[in-house]
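Q: predicted coordinates and the sequence they were generated for:
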Amino acid sequence: MSETETPPAAPPPAAPSDDSDRTVALICYILQAVSVVTAGLVAVIAVIIAYVRKDQAPDWLKNHYTYQIRTFWYGLAGWIVGILTIWVLGLGFLIMLVTAIWFIVRAIVGLIRLSEGRTHTDPTGFWV
């Protein structure tokens, strides 16, 4: 080695594998689906995990975390509207039921897309 040559640079630190990130996203979807039965408590855990993992995940998984975060906030808004309108001839119960079904459908659709390795076309949108 001559005096003008520089030693080779150290390799960059290893990033977490896609498999472990994918597993975390999978767990978040499962927690979201189960949260309808647990009064939303585990959905809070899922959204916290999604917020924490979103920045360090590969781009295609960031898409899933964004979808999970939006699902949580839209679902929470639906439940709040439902609770505030319960006194209107039971309309609130219907709103909460529709919100719960919508929440489960979004979790299942996200789970299917994740298992197929696909992203969401519009992760910030309201619809599936």
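A: Done, it's in. Nothing here was measured: the structure is a model prediction, and the numbers come from that model.
Q: quick one: the helices in the protein?
A: 18-35, 41-54, 59-84, 91-115 (DSSP state H).
Q: quick one: low-confidence parts of this structure?
A: Within the chain, the stretches with pLDDT under 70 are 1-17.
Q: check contacts around Ile86.
A: Residues near Ile86 by CB atoms under 8 Å, 6 or more residues apart in numbering: 92-93. To be clear about C-beta, it is placed using only N, CA and C from the backbone, and glycine gets the same treatment.
Q: now with 10 Å, please.
A: 92-96 (CB atoms under 10 Å, 6 or more residues apart in numbering).
Q: and if you look at His64?
A: 21-22, 24-26, 28-29, 50, 53-54, 57, 110-111, 113-114, 118-120, 123 are the contacts of His64 under CB under 10 Å, 6+ apart.
Q: again, 7 Å this time
A: His64 sits next to 25, 110, 114 when contact means CB atoms under 7 Å, 6 or more residues apart in numbering.
Q: about what we covered before: quick one: which of the contacts of Ile86 is most hemmed in?
A: Ile95 (20 neighbours; other CB atoms under 10 Å).
Q: is it true that it touches Leu84?
A: No. Judged on CB atoms under 7 Å, Ile95 makes no contact with Leu84 at a distance of 9.1 Å.
Q: give the residues shared as contacts by the two.
A: Counting by CB under 7 Å, 6+ apart, Ile95 and Leu84 have no contacts in common.
Q: just curious, which of the contacts of His64 is nearest to Tyr74?
A: Taking CB to CB as the measure, Tyr74 lies nearest Gly110 of these, at 13.0 Å.
Q: number of residues surrounding the closest residue to that closest one other than its chain neighbours?
A: Distance criterion CB to CB, 6 or more residues apart in numbering; nearest residue to Gly110, sequence neighbours excluded, is Tyr29 at 5.1 Å. Applying other CB under 10 Å, we find 25 residues neighbouring Tyr29.
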